[in-house]
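**Q** I'll drop the sequence and a predicted model, then ask my questions.
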Amino acid sequence: MDATIYHNPACGTSRNTLALIRAAGIEPTVVEYLKTPPSREDLARMIAEAGLTVREAIREKGTPYADLGLDDPGLSDEQLLDAMVETPILINRPFVVTLLGTRLARPSERVLEILPDTLAGPFFKEDGEQVLDETGRRVV
């Protein structure tokens, strides 16, 4: 299965998501979106396919969100998309696109919704939290 992850290697959630994709036996296309941001059209499409609003796809923490005045409720989706493309750190991460759908994988296990059921064995996040049991089933 083809998969693309819009990845930030400095982000633990993004690293955990990438590890889950690989645990499913998929070697995804990894796009370091801070170096190679998606086009405005691709970003708008991913947000829509993930069932999010543009505002839900903006990252506030650790970004110039407030400094840029993006908390103004009067800003349009178009203005917010322009800001995200111009300043890619504002794009929440990681977005993952597969043939089964598009998700903003926050938390990282959301990616399981768009991966084939090929995971076998346990999976633990970097912090030790168990996501999958020894049979590959999700731990709730």
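**A** Sure thing, it's come through.
**Q** what residues are up against the spatially most central residue of the chain?
**A** Nearest residue to the geometric centre of the chain (C-alpha atoms, centre = their mean): Pro94, 2.0 Å. Pro94 sits next to 5-8, 11, 13-14, 17-18, 104-105, 108 when contact means C-beta atoms under 8 Å, 6 or more residues apart in numbering. Every C-beta, even on glycine, is put in place using the N, C-alpha and C of the backbone.
**Q** in the longest helix along the chain, what's buried?
**A** With secondary structure taken from DSSP state H, the chain has its longest helix at helix 12-23. Across helix 12-23, burial judged by 16 or more other C-beta atoms under 10 Å covers 13-21, 23.
**Q** all strands of this protein, in order?
**A** 3-7, 29-32, 95-98, 101-104, 123-124, 130-132 (DSSP state E).
**Q** between these, which gets nearest to Asp117?
**A** Closest to Asp117 of these is strand 130-132 (C-beta to C-beta; 11.3 Å).
**Q** Do me a favour and get the end-to-end distance for stretch 50-58?
**A** 13 Å (C-alpha to C-alpha, to the nearest Å).
**Q** same check, this time on stretch 33-49
**A** Taking C-alpha to C-alpha as the measure, stretch 33-49 stretches 18 Å from start to finish.
**Q** residues in contact with that stretch?
**A** By C-beta under 8 Å, 6+ apart, stretch 33-49 touches 6-8, 31, 53-54, 56-57, 81-82, 84-85, 88-89, 91, 93, 95, 97, 101-102.
**Q** Would you mind listing the buried residues in that stretch?
**A** Residues of stretch 33-49 classed as buried under the neighbour-count rule (16+ other C-beta under 10 Å) are 33-34, 37-38, 42-44, 46-47.
**Q** Might you quantify the distance of it from its chain's geometric centre?
**A** 11 Å (C-alpha atoms, centre = their mean, to the nearest Å).
**Q** try stretch 2-12
**A** Taking mean C-alpha positions (C-alpha atoms, centre = their mean), stretch 2-12 and its chain are 7 Å apart.
**Q** rewinding a little: take the contacts of Pro94 and lay them out in TSV including pLDDT and distance to Leu68.
**A** Compiled in TSV, those are given as follows (pLDDT from 0 to 100; distance: C-beta to C-beta, whole Å):
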residue	pLDDT	distance to Leu68
Ile5	98	26
Tyr6	98	21
His7	97	23
Asn8	96	19
Cys11	95	20
Thr13	96	23
Ser14	97	23
Thr17	97	27
Leu18	98	29
Leu104	98	21
Ala105	97	25
Ser108	96	27
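**Q** Many thanks, have a good one.
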